[in-house]
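Enquirer: quick check, what structure comes out for this input:
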Amino acid sequence: MENKNWIIFSLGGSLVFPDEIDVVFLKRFRKFILKWLKRGKKFVIFVGGGKLARNFQKTAKKLKIKNKDILDWLGIYATYLNAFLIKSLFDKLVSEDIIKDPTKKIRKNKKIIVGGGWRPGRSTDYDSVIFAKKNKIKEIINLTNVDYVYDKDPKKFKDAKVFFNISFSDFSKIGKQKWEAGLNFPFDPLATRLAQKEKMRVIVVNGKNFKNLDNLLRGKKFKGTIIF
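Expert: The predicted structure follows:
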């Protein structure tokens with residue numbers, strides 16, 4: 001894979017489906033991607049499950065469904081719905097199928113590749129790292145709903161500490177150590193450990209700030225956290 005023009009986005013489901021489908025975000029996201037395609041970039045977009053996944057998982061728990069694999073599969077199928085929605089934004093520009101296994105070889109004759117979940121115990125963050133490893137790409141841009149990585153939820157705690165740069169080891173200390181269905185954190189623990197092992201760089205940015213994303217792709221100063 002010629003990777004110098006490929007950009008991997010791990011697109012948080014919280015942007016696509018925060019409480020309901022965010023039509024305004026999707027329109028702006030489509031416009032942004034099309035603009036950068038004209039500038040020679042190509043995109044791999046792994047899409048999370050967001051509130052849709054958590055709603056199904058929450059309901060399952062109310063129904064006394066405790067099997068962790070079942071809870072994960074509910075989330076995985078939610079990612080497929082979100083991913084198919086993203087795929088539909090770009091029609092023929094996207095490779096034919098949603099990626100459901102990031103370890104497989106895929107045709108790269110399209111300019112956009114869209115992926116969803118893979119298997120229980122794994123998130124779409126992890127899938128993006130597996131894909132990056134497979135295709136020798138060393139950077140993943142994590143699109144989330146906050147501007148930076150914080151030591152705690154900035155929406156709940158005014159004294160949340162912001163990190164502009166943070167090592168994978170330190171990042172791991174402020175999050176959960178194990179993956180669990182419905183986990184809501186900028187980059188999941190399994191993906192973090194694998195990215196660290198492969199010596200990748202993860203950039204966490206607010207996916208709704210498209211001017212900031214422009215700066216990032218242009219190599220200019222941007223708001224966000226670099227995990228290294």
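
Enquirer: can you report how many residues lie near Tyr77?
Expert: 15 (other CB atoms under 10 Å). From N, CA and C alone the C-beta is placed, and that goes for glycine too.

Enquirer: is it in a helix, a strand, or coil?
Expert: helix (DSSP: H, G, I helix; E, B strand; the rest coil).

Enquirer: now it: how far from Ile8?
Expert: Per CB to CB, to the nearest Å, Tyr77 is found 23 Å from Ile8.

Enquirer: try Val202
Expert: Relative to Ile8, and taking CB to CB, Val202 is found at 10 Å.

Enquirer: find residues that contact each of those two.
Expert: Glu139, Ile140, Ile141 (CB atoms under 8 Å, 6 or more residues apart in numbering).

Enquirer: name the nearest of these relative to Gly121.
Expert: Using CB to CB, Ile140 is the member of the shared contacts of Val202 and Ile8 that sits closest to Gly121, with 19.4 Å.

Enquirer: quick check: that closest one is in a helix.
Expert: No: going by three-state DSSP, the assignment for Ile140 is strand, not a helix.

Enquirer: list the buried ones in the helix or strand harbouring Leu190?
Expert: Using DSSP states H and E, Leu190 maps to helix 189-197. For helix 189-197, burial by neighbour count (16 or more other CB atoms under 10 Å) applies to Pro189, Leu190, Ala191, Thr192, Arg193, Leu194, Ala195, Gln196.

Enquirer: show me which of those residues is closest to Leu216.
Expert: Ala195 (17.7 Å).

Enquirer: who's in contact with the residue nearest to the closest one when sequence neighbours are not counted?
Expert: Sequence neighbours aside, Val129 is the residue nearest to Ala195 in space, at 5.0 Å (criterion: CB to CB, 6 or more residues apart in numbering). Counting by CB under 8 Å, 6+ apart, Val129 touches Ile140, Ala191, Leu194, Ala195, Glu198, Met200.

Enquirer: from Phe171, how far off is Val129?
Expert: Taken as CB to CB, the span from Val129 to Phe171 is 14 Å.

Enquirer: show me where this structure has its strands.
Expert: Per DSSP state E, the chain has strands spanning 6-11, 42-47, 112-115, 139-144, 149-150, 162-163, 165-166, 201-206, 225-227. These are given in chain order.

Enquirer: which helices and strands sit right next to the third one?
Expert: If contacts are counted by 3 or more CB pairs under 8 Å, 6 or more residues apart in numbering; DSSP states H and E, strand 112-115 sits against strand 42-47, helix 68-90, helix 124-134.

Enquirer: take the ones you listed and lay them out in JSON lines including distance to Trp36 and mean pLDDT.
Expert: Shown next, in JSON lines, are the helices and strands packed on strand 112-115 (distance: least, CB to CB, whole Å; pLDDT from 0 to 100):
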{"stretch": "strand 42-47", "distance to Trp36": "8", "mean pLDDT": "97"}
{"stretch": "helix 68-90", "distance to Trp36": "12", "mean pLDDT": "97"}
{"stretch": "helix 124-134", "distance to Trp36": "18", "mean pLDDT": "96"}
